[in-house]
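Student: make a model of this:
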Amino acid sequence: MNTHAHPLPATASASQPLSGRVRVPGDKSISHRSFMFGGLASGQTRITGLLEGEDVLRTGEAMKAMGARIEKHGDEWVIDGVGNGCLLEPSAPLDFGNAGTGARLTMGLVGTYDMATTFVGDPSLSKRPMGRVLAPLREMGVQVIDAAPSDRLPLTLRGPRRAAPITYRVPMASAQVKSAVLLAALNTPGTTTVVEPVMTRDHTEKMLKGFGAEIDVETDSDGVRHIRITGEGTLSGQTIAVPGDPSSAAFPLVAALIVPGSDIVIENVLMNPTRTGLIDTLLEMGADIEVLDRRDAGGEAVADLRVRHSHLKGTRVPPSRAPFMIDEYPVLAVAASFAEGETVMDGIEELRVKESDRLAAVARGLEANGVDCTEGEASLTVRGVPGGKGLGGGMVETHLDHRIAMSFLVMGLASHKSVSIDDRAMIATSFPEFMDLMTGLGAPIE
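Tutor: Now for the predicted structure:
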């Protein structure tokens, strides 16, 4: 796997109209969970459409280290799981590379086992805070017996002989924290309850139910979700077709909107309402996005998207939308750079604890390429230049962040001058096909 020891710069230049039909890789969130739940379930799980990026494969390796058998046969991944409650103590540290989702969810999964598990990662992941996940796990009896300062990697967890069920109110909108508690509850007697004041992506709840977990979700009159799960039940292997990742689809989608004359179709995109915040925002900005052939795939809504060049107008993105598009703000900022007027993004403090401080990284990248923007503690305001006149010409520091890299390569396709990034190597963590997919549409990226 790529350790990013040798940076690979890349440059995107003004593009002719983009055209064609593309299919983006499988959804990253569902792919992580497919490996985890398949590895934990009794019997066999078969997966098609899995995202084969480095992050997801690290999760697969972790499950193998704890007893699951995972093999690829043609286009299908086949998993023979260990059974709920039967994970084995890994003989070596679990190396998650750059995979924050994999690391945090696995902490929940193994935390309630009476064993020691060590988590390590690359320099980027080792800077990211784990305390928000560890707080509820400690309430359940999990000990952090060794950790870098401020609960960062490398760290070692020691599970209790018998974990305690809890009721935990998630203090911030975080699908990872919610999921970690639900996964910890699988090996905990009794009923664990997660109280979620702001709904976040709900793949964990949906998939656990599909695997046979005893879980129910109730929304009260104030819109607060109460998720109850009974532990020590049986999970059974499933057949999963992973739909296309909307966070990956965001890049060709925005590229088509800002490159004059473009007209593309992105096939098989996950349209779960907790994941469509970017599309909702772009439609408000005047984007020509046509949703075609809405359909159901394994309990999830999917559709094809036809996207044409559009004259965008600035908007104010409400903070309440942040949980439904948190990974898409960098590429939204790029779209806003070509919109008429001002786009204001509020309530996005979560961006500061991603693969990089994404809020700062986006602002510096925009400034390096002539975009007028204002960075707040939890906000970003972008004042766009329709047509991209005068924009571009800068070198963007990616900070080992795949979404920063891809977003600014998209920017270069519609800018007056080319845009360069210092490293594209880490794009393989989430979207290894990105370069080929974009050049296949006609994008001059090299």
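
Student: how does the chain divide into domains?
Tutor: For the chain, the structural domains run 10-26+243-440, 28-241, going by automatic domain parsing.

Student: among these, which comes closest to E446?
Tutor: Proximity to E446, assessed across the domains of the chain by CB to CB, is greatest for domain 10-26+243-440 (6.1 Å). (Glycine included, C-beta is placed from N, CA and C.)

Student: L155 in helix, strand or coil?
Tutor: strand (DSSP: H, G, I helix; E, B strand; the rest coil).

Student: neighbours around it, how many?
Tutor: Each residue near L155 was counted by other CB atoms under 10 Å, and the total is 22.

Student: let's have the chain start at 23 instead
Tutor: With the count now opening at 23, the last piece we talked about shows up as L177.

Student: tell me the secondary structure at the spatially closest residue to it that is not a sequence neighbour.
Tutor: Excluding the flanking residues, the one nearest L177 by CB to CB, 6 or more residues apart in numbering is A169, at 3.6 Å. Assigned by three-state DSSP, the conformation of A169 is strand.

Student: measure A169 to A385 for me?
Tutor: In this structure, A169 and A385 are separated by 31 Å, where distance is defined by CB to CB, to the nearest Å.

Student: neighbour-wise, which of the two wins?
Tutor: For A169 versus A385, the count of surrounding residues by other CB under 10 Å is larger for A385: 20 against 17.

Student: so that one sits in a helix?
Tutor: Yes - according to three-state DSSP, the state of A385 is that of a helix.

Student: could you find the closest non-adjacent residue to it?
Tutor: If you skip the residues right next to it in sequence, A385 has E397 as its closest partner in space, 3.9 Å away by CB to CB, 6+ apart.

Student: and the gap between that neighbour and D379?
Tutor: Computed with CB to CB, the distance linking E397 and D379 is 10 Å.

Student: what do you get for L388?
Tutor: Following CB to CB, the distance that separates L388 from D379 is 14 Å.

Student: between the two, which is the more surrounded one?
Tutor: Neighbours were tallied for L388 and for D379 using other CB under 10 Å; the higher tally belongs to L388 (27 against 16).

Student: what's the closest non-adjacent residue to the more buried one?
Tutor: Leaving aside its sequence neighbours, L388 is closest to C395 (4.7 Å, by CB to CB, 6+ apart).

Student: so the one you found is in contact with A385, correct?
Tutor: Yes - the pair C395 / A385 is scored as a contact, 5.7 Å apart, by CB atoms under 8 Å.

Student: between the two, which contacts overlap?
Tutor: Taking CB atoms under 8 Å, 6 or more residues apart in numbering as the contact rule, C395 and A385 both touch L402.

Student: quick one: the helices in the stretch 223-372 of the chain?
Tutor: Counting by DSSP state H, counting those that start in this stretch, one finds helices in the stretch 223-372 of the chain at the ranges 225-233, 268-280, 299-306, 351-358.

Student: can you put those helices in a markdown table and add distance to L79, mean pLDDT and mean neighbour count?
Tutor: Rendered in a markdown table, the data for the helices of the stretch 223-372 of the chain read as follows (distance: least, CB to CB, whole Å; pLDDT from 0 to 100; neighbours: other CB atoms under 10 Å):
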| stretch | distance to L79 | mean pLDDT | mean neighbour count |
| --- | --- | --- | --- |
| helix 225-233 | 19 | 96 | 22 |
| helix 268-280 | 16 | 98 | 28 |
| helix 299-306 | 26 | 98 | 21 |
| helix 351-358 | 23 | 98 | 28 |
